[in-house]
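K.L.:
Here you go, sequence then predicted model.
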Amino acid sequence: MNSLLDITARRARIAPEAVAFHVVQTGESVSYRALERRSARAASLLESRGVSPGDRVTILCRNRVEFFETLFACAKLGAILVPLNWRMPVGELVQLIEDCRPVLMITGEEDRETAHATARDLQLPVLDFDDGYEALRDGAARHPGRPSWPSQECWYLIYTSGTTGKPKGVIQTYGMALVNAINIGQAIGLRGTDSTLNFLPLFHTAGINLHTLPVLFGGGTVHILPGFEAGPMLELINAGALDVFIGVPAVYRELTLHPDFARTDLTRLRHWACGGAPLPDILVETFAARGAVVCNGFGMTETGPTAFLVDEAHALEKIGSVGKTQILVEARIAGPDGEVLAAGETGEIQFHGPGLTPGYWERPKETAELFTPDGWLKSGDLGRFDDEGYCFVAGRIKEMYISGGENVYPAEVENVLADHPEVQDAAVTGVPDEKWGEVGCAHIILRAGSDCDAAALTSWCRERLAAYKVPRHILFARDFPRTAAGKVQKHLLPDPVPPQ
């Protein structure tokens, strides 16, 4: 596979009147013919603003059709799109811009003030989707585009969420997008007539690749919301408007808490998937009781992202598993010295295949450290395979702690805590202890109206876990610091206060 053809141009020829996007808030529909026209004119507009092949274009906006027409416009030009995290303050955004050195910033009404504050000191020009953009775009000539999009060429950069350190720009190639479309398409039985919902943040790989780009590649329809809204989501599901869906655990949790959840027919949606963070068993069981089988998966920005996804037939039998690797990716479990481990043994999950990132933007040292000497990508996550090839993820290597000489994997303890009827969410970290070296500290968000206390939760854990796994400290919180994928930023959680 040396290159892709122009996706929007091809789709406009194959089925010009098919609906590519439906904007939930306004009811607007955008056909594939219109998407191609808008993308080609956006390419000319970008070119008129000084964007050349290889240049970076930063974009700070919520979920909207214009983001994707800009993504395709960059492909037509050979430019590189860099989605920025609208949750970041100006100081952090400046660091990312200094790292990728763009020639233009694009924004929308919601993030206009932040965009201008960020661009001002850097003397970066700003193009605003909600301030004259439409007239400028529609007044531009249609760009002829490029005959092909080289598969190894960078299409866009996704800056890692940074759960433990400074974000790095993960190179996303055209080939990675195609491999991901094949991997997820095969896994969920994606059809050309399928509809999905775009709502996950666009500065995260799932916002672009799960399932939006695969659905667009296949000619389906993408319903689009500016962000997460449980009510409109449940309404679309109940109306039978969605065929395939993916969310992070926090989304599934919020759906169950919404008053419309009880009267929503979940069986009207064909395939449910989850990724981005560990999925508590209790959520799988809650949806299964209503006829919806949530398939748990695992991948990384660096893997494109689809790597693992459990098949629907075994999702309940193998609850807690992220399934098997998909058709164009392989995985192995490796020990600390690099030896490949057998089924049942826990070690680092490592990946191999054509859909992996070539590395980090202008970070040769970090890129070299990402791969093993024989070319496998190191995930930094612990996991094990069972005898049937199903993978179970134990959490980040850096999150594992050793208590009294025994390894403790926080994901296991979190799953037990999440099963408690009064617990809405749980995050477990290891903290220093004079006697045991390290012990667990459980951070707990209780359900509304609960008066559950630490003693009750400790007792709950003692009945279900070995003594060394039971958290020594329990802290209650109203919320957790999270990444865009819903992962808890554990390095920002407070340590217990030592006794006086």
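P.N.:
Received it, and whenever you're ready, just let me know what you need.

K.L.:
Hmm, Ser44 and Leu136 touching each other?
P.N.:
No. Using CB atoms under 8 Å, Leu136 makes no contact with Ser44, being 9.8 Å away. Every C-beta, even on glycine, is put in place using the N, C-alpha and C of the backbone.

K.L.:
More neighbours: the two, which one.
P.N.:
For Leu136 versus Ser44, neighbours defined as other CB atoms under 10 Å are more numerous around Ser44 (20 against 17).

K.L.:
show me what contacts the more buried one?
P.N.:
Shown in contact with Ser44 (CB atoms under 8 Å, 6 or more residues apart in numbering): 140-143.

K.L.:
which of these count as buried?
P.N.:
Taking 16 or more other CB atoms under 10 Å as the criterion, what is buried in the contacts of Ser44 is 140, 143.

K.L.:
mind giving me the domain split of this protein?
P.N.:
With domains defined by automatic domain parsing, the chain comprises 3-385, 400-492.

K.L.:
worst average pLDDT in these?
P.N.:
With a mean of 91, domain 400-492 has the lowest mean pLDDT of the domains of the chain.

K.L.:
So what would you say the end-to-end distance of that one is?
P.N.:
Taking CA to CA, to the nearest Å, domain 400-492 runs 16 Å from one end to the other.

K.L.:
ok now that domain, how far from the chain's centre?
P.N.:
Offset of domain 400-492 from its chain centre (CA atoms, centre = their mean, to the nearest Å): 24 Å.

K.L.:
Which residue ranges of the stretch 101-250 of the chain form strands?
P.N.:
Using DSSP state E, counting those that start in this stretch, the strands of the stretch 101-250 of the chain run over 104-107, 126-128, 149-150, 154-159, 169-173, 195-198, 221-224, 244-247.

K.L.:
Between these, which one is closest to Glu92.
P.N.:
Closest to Glu92 of those is strand 154-159 (CB to CB; 9.8 Å).

K.L.:
Tell me which residue is most central in this protein.
P.N.:
What sits nearest the mean C-alpha location of the chain, by CA atoms, centre = their mean, is Ala206, with 3.6 Å.

K.L.:
coming back round to it: can I get the strands of the stretch 101-250 of the chain in JSON lines with mean neighbour count and distance to Gly437?
P.N.:
Formatted as JSON lines, the strands of the stretch 101-250 of the chain follow (neighbours: other CB atoms under 10 Å; distance: least, CB to CB, whole Å):
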{"stretch": "strand 104-107", "mean neighbour count": "24", "distance to Gly437": "48"}
{"stretch": "strand 126-128", "mean neighbour count": "19", "distance to Gly437": "52"}
{"stretch": "strand 149-150", "mean neighbour count": "18", "distance to Gly437": "51"}
{"stretch": "strand 154-159", "mean neighbour count": "25", "distance to Gly437": "35"}
{"stretch": "strand 169-173", "mean neighbour count": "24", "distance to Gly437": "35"}
{"stretch": "strand 195-198", "mean neighbour count": "25", "distance to Gly437": "46"}
{"stretch": "strand 221-224", "mean neighbour count": "22", "distance to Gly437": "50"}
{"stretch": "strand 244-247", "mean neighbour count": "25", "distance to Gly437": "37"}
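
K.L.:
Any idea which of these gets closest to Asn415?
P.N.:
Between those, strand 244-247 lies closest to Asn415; by CB to CB that is 18.2 Å.

K.L.:
which outside residues touch that closest one?
P.N.:
188, 190, 194-197, 200, 206, 210-211, 215, 237, 255, 269-275.

K.L.:
Which strands border it, and is each parallel or antiparallel?
P.N.:
Here strand 244-247 is paired, per DSSP bridges, with strand 271-274 (parallel).

K.L.:
contact partners of the strand it pairs with?
P.N.:
188-189, 210, 243-249, 252, 266, 283, 287, 292-297, 309, 312.

K.L.:
Tell me the gap between it and the middle of its chain.
P.N.:
Relative to the centre of its chain, strand 271-274 is centred 13 Å away, using CA atoms, centre = their mean.

K.L.:
Next secondary structure after that strand?
P.N.:
Next in sequence after strand 271-274, counting helices and strands by DSSP states H and E, comes helix 281-288.

K.L.:
about what we covered before: now a PyMOL select for only the buried ones of the contacts of strand 271-274.
P.N.:
Buried members of the contacts of strand 271-274, defined by 16+ other CB under 10 Å, are picked up in PyMOL with:
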select buried, resi 188+210+243+244+245+246+247+248+249+252+266+283+287+292+293+294+295+296+297+309+312
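
K.L.:
Now go through the contacts of strand 271-274 and say which are in helices.
P.N.:
The helices, defined by DSSP state H, take in 188, 249, 252, 283, 287 from these.

K.L.:
Dump the residues you listed into CSV; add distance to Gly78 as well.
P.N.:
Output for these, formatted as CSV (distance: CB to CB, whole Å):
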residue, distance to Gly78
Ile188, 31
Pro249, 38
Tyr252, 39
Leu283, 43
Phe287, 43
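
K.L.:
Assumed Leu35 was part of a helix.
P.N.:
Yes. Under DSSP: H, G, I helix; E, B strand; the rest coil, Leu35 sits within a helix.

K.L.:
out of the domains of the chain, deepest packed?
P.N.:
Of all the domains of the chain, domain 3-385 has the most neighbours on average by mean count of other CB atoms under 10 Å, namely a mean of 19.

K.L.:
Can you tell me who the closest residue to Glu28 other than its chain neighbours pairs with across the strands?
P.N.:
The spatially closest residue to Glu28, leaving aside those adjacent along the chain, is His22, at 7.4 Å (CB to CB, 6 or more residues apart in numbering). Judged by DSSP bridges, the bridge partners of His22 are Ser29, His223.

K.L.:
Which residues are in contact with His22?
P.N.:
Going by CB under 8 Å, 6+ apart, His22 touches 28-30, 195, 221-224.

K.L.:
how about a cut-off of 7 Å?
P.N.:
His22 makes contacts with 29, 221, 223, as judged by CB atoms under 7 Å, 6 or more residues apart in numbering.

K.L.:
so how far is Ile224 from it?
P.N.:
7 Å (CB to CB, to the nearest Å).

K.L.:
for Asp111, same thing?
P.N.:
To Ile224, Asp111 is 17 Å away according to CB to CB.
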